[in-house]
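Asker: fold the following, please.
(chains A and B)
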Number of protein chains: 2
Amino acid sequence: MLLLQQTTLVPKLLLFSKSDFSFKPCSSSLSTRLSLMDKHTKSSSLKQFQSPILACQASTDTHDTSFRKDDLPVHGVSEVIVGVLGGGQLGRMLCQAASEMAIKVMVLDPLTNCPASAIAYDHMVGSFDDSATVQEFAKRCGVLTVEIEHVDAATMEKLEQQGVDCQPKASTIRIIQDKHLQKVHFSRHGIPLPDFMQIDDLEGAKRAGDLFGYPLMLKSKRLAYDGRGNAVAKSEDELSSAVNALGGFDRGLYVEKWTPFVKELAVIVARGRDNSISCYPVVETIHKENICHVVKAPADIPWKIRKLATDVAHKAVSSLEGAGVFAVELFLTKDGQILLNEVAPRPHNSGHHTIESCYTSQFEQHLRAVLGLPLGDPSMKTPAAIMYNLLGEDEGEPGFHLAHQLIGRALNIQGASVHWYDKPEMRKQRKMGHITIAGPSMGIVEAQLKSMLKEEGSESQTAVKPRVGIIMGSDSDLPIMKDAARILTLFGVPHEVRIVSAHRTPEMMFSYALSAQDQGIQIIIAGAGGAAHLPG
Amino acid sequence: MLLLQQTTLVPKLLLFSKSDFSFKPCSSSLSTRLSLMDKHTKSSSLKQFQSPILACQASTDTHDTSFRKDDLPVHGVSEVIVGVLGGGQLGRMLCQAASEMAIKVMVLDPLTNCPASAIAYDHMVGSFDDSATVQEFAKRCGVLTVEIEHVDAATMEKLEQQGVDCQPKASTIRIIQDKHLQKVHFSRHGIPLPDFMQIDDLEGAKRAGDLFGYPLMLKSKRLAYDGRGNAVAKSEDELSSAVNALGGFDRGLYVEKWTPFVKELAVIVARGRDNSISCYPVVETIHKENICHVVKAPADIPWKIRKLATDVAHKAVSSLEGAGVFAVELFLTKDGQILLNEVAPRPHNSGHHTIESCYTSQFEQHLRAVLGLPLGDPSMKTPAAIMYNLLGEDEGEPGFHLAHQLIGRALNIQGASVHWYDKPEMRKQRKMGHITIAGPSMGIVEAQLKSMLKEEGSESQTAVKPRVGIIMGSDSDLPIMKDAARILTLFGVPHEVRIVSAHRTPEMMFSYALSAQDQGIQIIIAGAGGAAHLPG
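Answerer: Sure, this is the predicted structure:
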């Protein structure tokens, strides 16, 4: 089936045959604000007119004549160029995932030094909200996708009519970029969500207040993200200032009934071109000032809730069109209800942990989905992971300094992986990078996060370094070893506890014991089995 | 300590201050065969003379005046540019690891489209064996390292005298690039290794044959890799043809006593700038026609052997100078001896699995080491992994076609990650990519590899897709469930067995059960605990 689907995509590739691409100055037909950063054509003067697409170099080979156009050979995983509208950190991480499989990703972004620029196969500098630009960009791609939903949906619809392969579909982008339309859509499909109502004037807002009570959540329909576009009115008196804060009724507003949730959850759902659907484990997202701050994977919730959340996410994505990964944000209410908050038609902050903790990351999964490759395994390969966003804590250099300090501590934390998006400017609350800590249990990764966040100068660096390590075959050994840990605490001996699952005891215990010995850590072992064989 | 070490490196960074770099045509002082692929300066005409190094952009900011030169702010993980001699697949994977942390890696490689080129911060096209080229390259880097040991050691020694920071040290490269000198060195340091002897003429070769017996292994001292530079003489009669096969005595030859090993093992060892040493788990390497074919992590060997192998690797690397990761290749003999085969002063094919299966990959570890950052956790985050090299099976297009078929099957295998190096030319036995299968036990990943390697048309695709999944809390449930599996086999029902460790039962079982249900797989569960809560 893979090969069949690849074949159906191949004709798109013909757009890139040597004669079509032909090293013309790429920006000739475009406005001045659109310049092309085609690294490969750029360097062609030095590379003696090397083909911009390595695959096409084969056309100078003697072998090439034996292939008809519809039988184009594929070198590696896929030759189809993936075009991404937007080149922020999500585009950057898509490029990183693509690079492992040597899949070519082009990004369209107005900023010359956007995060994805340095790693993308190509970066077209231009607005993803400008019709002519997007059309020109689409010509160069085998499949068009997004890393941001605030793109020009009308242009995407036109492109689809012209036969351009957009994944997910323009209809999905149109529904999702208008948060009110999104709610109407999901409501029609029987997805549980908080009550909502469009408001066109103050009278309407008051009626909504009477109906839903206060506090009342007012929201902009469009261009809303990271809490921007939300305003709370605690009483009827505050309605008009909330409306003003959102830019007035002309912006297009609606209200949502206040949802006192106990947890915010999220599920990354992937859908293939064959409509196969695959769900990642449910995670808990913790926001700070409306911006994603921490993600815990998996979420600590009962089975029933987990199943319910996954079902709602599955159903929500099933109601949309096109391939790719989608993030479904959910509220868990006190009475055990799952309500849909919103959906993003792209990789999402709540799925960053998948890079380290799942067999297939959300970024690789998105590429597999839009290219019609089989979906990968979304299950976790580590029992627990925490993602911590590196948000700008200050403007400019002082902000960089604070981020660098935190990164320095993260590099000393076992199981921590540092991601830095290389944004040239530091701003308060801006997403500059993230840190994922993966490990053998949520308790352990939470403890690691805690020591990472200890302030500089609080001796955290030395306190973290254990002198004694306690290894156990499973949780069942914990009661026995708890006392040992307590005595060590009593005598102020820094120590760490590692639980190594029974079936992997031999390898993992030994590996840990050796690396611990290297660091001068003494080892205490609980549990039977392979442990008995351990030296010293 | 991290911050201190960073500070000591910072002066190197001054080489890149705006005035030094200054947008001069980079190749002005270089020979014609050396052209500079500086993506950032290349595109500067379009980007209106944007600085080639984002960090230096700060010098146009108002903040900058408040920083003295020795107090340069660090944006992210590190500002030091890592220069790598060589831009093959190892350089490429170094760049991929660097990209996550936004560390800037420049490569020096003679091929314009070498694997690392597309992802490197910069690619200088030139020979890493040419003194003038390497010197020019070194000026642009904060620290100089290698992805191949066959570089110009004399130039590196000269550069070190001039204060260039080479990691590992030139002395290490000099020792390792001459396999005979390497053996002399390790022998002097008490590392166990097969008997060896330099041979200068046929008489010497015969004397060696008398001493060591036949078959006798003849080896070139230099430029030997992937079995090239090795020749076997089964008897004294074959000595002279073996010598000729290696290019004659003028090439510099030596002999090694034949080692009838039971397994080949390897250990990746990392050494930080502070001489801290950290060892990855011992792996088994399986060669085919002298080229690495399969790597199993961890190796299936007794504890004592594991400890012995790690000790020998640790000791070998301790005897060398400089930071970075080193691969120590070992023989395990019938009588349980560990003998050193050879050492590579760089990331290595035997460590590719670490990308998916260890908390810190060998590539990130190498960057951490040479930059003076704390070493990461080398332990495995999945209990087992197998790496399978994608070697060219045929020349040109037919070879690409075969590789693409195998990749297509790999994409259907749970836990498999595909790496493609994007080499423009396919050649027989050439390393074109690799596939790592990570999973919950060696038995399972071995079974996955087996089904991946089934020939096209053998119904492997459908046979792989299980209809029944058996989940267990641990190996201890295996005896109980073995019968269930046997009955399924009897009735020809495709099934798969998943062992989910006891302490992570709830999350993993549920995650697996849900994704299995999505695929229409029926679930049988063994073991107590969280399993009881599972739906359906």
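
Asker: just give me the residue closest to the centre of chain A.
Answerer: For chain A, the residue nearest the mean C-alpha position is A:H348 (3.2 Å; Cα atoms, centre = their mean).

Asker: for the spatially closest residue to that one that is not a sequence neighbour, give me the backbone phi and psi.
Answerer: Here the nearest residue to A:H348 in space, its sequence neighbours aside, is A:A327; by Cβ to Cβ, 6 or more residues apart in numbering or on different chains that works out to 3.1 Å. All C-beta atoms are positioned from the backbone trio N, CA, C, and that covers glycine. In terms of degrees, to the nearest 10, the main-chain angles of A:A327 are phi -110, psi 130.

Asker: didn't A:L340 look like it was pressed against A:L193?
Answerer: Yes. Under the criterion of Cβ atoms under 8 Å, A:L340 makes contact with A:L193 at 4.4 Å.

Asker: overlap of the contact sets of these two?
Answerer: Residues within reach of A:L340 and of A:L193 at once, by Cβ atoms under 8 Å, 6 or more residues apart in numbering or on different chains, are A:F186.

Asker: contacting residues for A:H189?
Answerer: Applying Cβ under 8 Å, 6+ apart, we find A:H189 in contact with A:315-316, A:319.

Asker: who wins on neighbours among the residues you listed?
Answerer: When neighbours are taken as other Cβ atoms under 10 Å in any protein chain shown, the top entry among these is A:A316 (24 neighbours).

Asker: elements contacting the helix or strand encompassing it?
Answerer: Secondary structure assignment for A:A316, by DSSP states H and E: helix A:303-318. Other helices and strands packing on helix A:303-318, by 3 or more Cβ pairs under 8 Å, 6 or more residues apart in numbering or on different chains; DSSP states H and E, are strand A:261-271, strand A:277-279, strand A:324-333, strand A:338-344, helix B:505-518.

Asker: now it: mean pLDDT?
Answerer: The average pLDDT within helix A:303-318 is 98.

Asker: do stretch A:367-374 as well
Answerer: Averaging pLDDT residue by residue across stretch A:367-374 gives 98.

Asker: now what about it, what contacts it?
Answerer: Counting contacts by Cβ under 8 Å, 6+ apart, the residues outside stretch A:367-374 that touch it are A:1-2, A:5-6, A:8-9, A:77-78, A:80, A:82, A:94, A:97-98, A:101, A:103, A:105, A:143, A:145, A:167, A:270-274, A:323-325, A:360, A:375-376, B:411-412.

Asker: what do you get for stretch A:407-417?
Answerer: Contacts for stretch A:407-417 (Cβ under 8 Å, 6+ apart): A:355-356, A:382, A:390, A:418, A:420, A:433, A:435-439, A:445, A:448, A:451-454, A:456, A:460-461, A:464, B:2-3, B:76-77, B:100, B:359-360, B:364, B:368, B:373-374, B:376-377, B:381.

Asker: ranking the helices and strands packed on helix A:303-318 by mean pLDDT, which is last?
Answerer: Of all the helices and strands packed on helix A:303-318, the minimum mean pLDDT falls on helix B:505-518 (a mean of 51).

Asker: ok, back up a step: quick check: the residue nearest to A:H348 vs chain B, distance?
Answerer: Per Cβ to the nearest Cβ, to the nearest Å, A:A327 is found 17 Å from chain B.

Asker: which residues touch that residue?
Answerer: Here A:A327 is in contact with A:266-269, A:343-344, A:346-351 (Cβ under 8 Å, 6+ apart).

Asker: so which of those residues is the closest to B:R222?
Answerer: Nearest to B:R222 among these: A:P347, at 47.6 Å, using Cβ to Cβ.

Asker: number of nearby residues for that closest one?
Answerer: 31.

Asker: would you agree it falls within a helix?
Answerer: No. Counting by DSSP: H, G, I helix; E, B strand; the rest coil, one finds A:P347 to be coil, located in no helix.

Asker: count the neighbours of the single nearest residue of the stretch 251-400 of chain A relative to chain B for me.
Answerer: Closest contact between the stretch 251-400 of chain A and chain B, by Cβ to the nearest Cβ, is at A:P383 (3.8 Å). Number of residues near A:P383 (other Cβ under 10 Å) recorded here: 26.

Asker: my read is that it contacts A:C358, right?
Answerer: No. Using Cβ under 8 Å, A:P383 makes no contact with A:C358, being 11.8 Å away.

Asker: related to what we said a few turns ago, selection in ChimeraX covering whichever of the contacts of stretch A:367-374 are buried, please.
Answerer: A single ChimeraX command selects the buried members of the contacts of stretch A:367-374 (16 or more other Cβ atoms under 10 Å in any protein chain shown):
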select /A:2,5,6,9,77,78,80,82,94,97,98,101,103,105,143,145,167,270,271,272,273,323,324,325,360,375,376 /B:411,412
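
Asker: contacting residues around the closest residue to chain B within the stretch 101-250 of chain A?
Answerer: Here the residue of the stretch 101-250 of chain A nearest chain B is A:A102; by Cβ to the nearest Cβ that distance is 3.9 Å. Neighbour list for A:A102: A:76-77, B:420-422, B:433 [criterion: Cβ under 8 Å, 6+ apart].

Asker: among these, name the buried ones.
Answerer: A:76-77, B:420-422, B:433.

Asker: would you mark the buried spots in stretch A:304-313?
Answerer: A:305-310, A:312-313.

Asker: so which residues of the stretch 1-150 of chain A form strands?
Answerer: In the stretch 1-150 of chain A, the strands defined using DSSP state E, counting those that start in this stretch lie at A:35-37, A:82-85, A:105-109, A:122-125, A:143-146.

Asker: need the next SSE after the last one, C-terminal direction.
Answerer: Pointing back at strand A:143-146 there. Note on strand A:143-146: by DSSP H and E, the next helix or strand toward the C-terminus is helix A:153-161.

Asker: buried ones in that following helix?
Answerer: A:153, A:155-160.

Asker: do stretch A:160-180 as well
Answerer: Neighbour-count burial for stretch A:160-180 [16+ other Cβ under 10 Å]: A:160, A:164-180.

Asker: rounded mean pLDDT for the strand or helix carrying A:I437, please.
Answerer: Assigned by DSSP H and E, A:I437 belongs to strand A:431-439. Averaging pLDDT along strand A:431-439 yields 98.

Asker: adjacent strands (with direction) for it?
Answerer: Here strand A:431-439 is paired, per DSSP bridges, with strand A:384-391 (antiparallel), strand A:416-420 (antiparallel).

Asker: closest to B:T133 out of those strands?
Answerer: strand A:416-420 (30.6 Å).

Asker: so A:I148 makes contact with A:G86?
Answerer: Yes. Using Cβ under 8 Å, A:I148 and A:G86 qualify as a contacting pair, with a distance of 4.0 Å.

Asker: between the two, point out the one with more neighbours.
Answerer: The residue with more neighbours, out of A:I148 and A:G86, is A:G86; 24 against 21, by other Cβ under 10 Å.
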